[in-house]
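>>> Give me a model of this one.
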Amino acid sequence: HWALQLLALLCALLGLGLITYNKHLNGKAHFVTWHGLTGLLTVLYAGGQCAGGLLLLYPKLMKNWTLAKLKLYHATSGLVGYLLGCTSLMLGMCSLWFTTSVTSVSWYLAMLCPLLTSLVIMNQVSNAYLYRKRSQH
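Predicted structure coming up:
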């Protein structure tokens with residue numbers, strides 16, 4: 001999981017760099033849309049999530065914290081990061097370029113994908129939280 005997350009972060013940083021470079025070449029402003037701002041926030045958040053994931057690889061660094069509690073917080077903050085990414089994606093799907101390129105039912109299907117996957121992931125995190133609560137009693 002950590003290797004894939006690190007690869008995803010590297011790809012996100014590369015994408016962010018290429019987009020920034022392309023905007024620079026074309027003389028366009030950086031991070032002026034909601035899509036651009038949430039995208040930047042998502043990449044920064046993913047970097048923080050990767051740093052936090054190190055605590056799961058080396059849980060002894062966090063004294064007075066159980067591994068179960070660290071995993072729960074990591075999963076919850078991962079969900080927040082995923083929702084940030086989906087928000088950025090969906091804001092990109094509302095852009096003029098996307099709405100002229102993808103029309104009618106295809107646009108709604110494209111918008112439905114991140115919504116449905118977000119519900120699945122939220123369900124997994126809430127089940128983990130409920131399982132933890134039950135196991136404490």
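>>> Please name the nearest non-neighbouring residue to Y129.
Using C-beta to C-beta, 6 or more residues apart in numbering and skipping the chain neighbours, the partner closest in space to Y129 is L72 (6.4 Å). Any C-beta I mention is one placed from the backbone N, CA and C, and that applies to glycine too.
>>> So which bits of the helix or strand harbouring that neighbour are buried?
Using DSSP states H and E, L72 sits in helix 67-93. Using 16 or more other C-beta atoms under 10 Å as the test for burial, helix 67-93 gives 70, 72, 77-79, 81-82, 84-93.
>>> Give me the pLDDT for T103.
According to the prediction, T103 has pLDDT 89.
>>> What's the local residue count around it?
Close neighbours of T103, defined as other C-beta atoms under 10 Å, add up to 10.
>>> Likewise for L40?
16.
>>> again, but for the one 4 residues further on
Residue crowding around L44 was assessed by other C-beta under 10 Å; the count is 14.
>>> what's the strand or helix carrying it in contact with?
Using DSSP H and E, L44 sits in helix 34-57. Helix 34-57 has contacts (C-beta atoms under 8 Å, 6 or more residues apart in numbering) with 2, 5-6, 8-9, 12-13, 16, 30-31, 61-62, 67, 70-71, 73-74, 77-78, 80-81, 84-85, 87-88, 91-92, 94-95.
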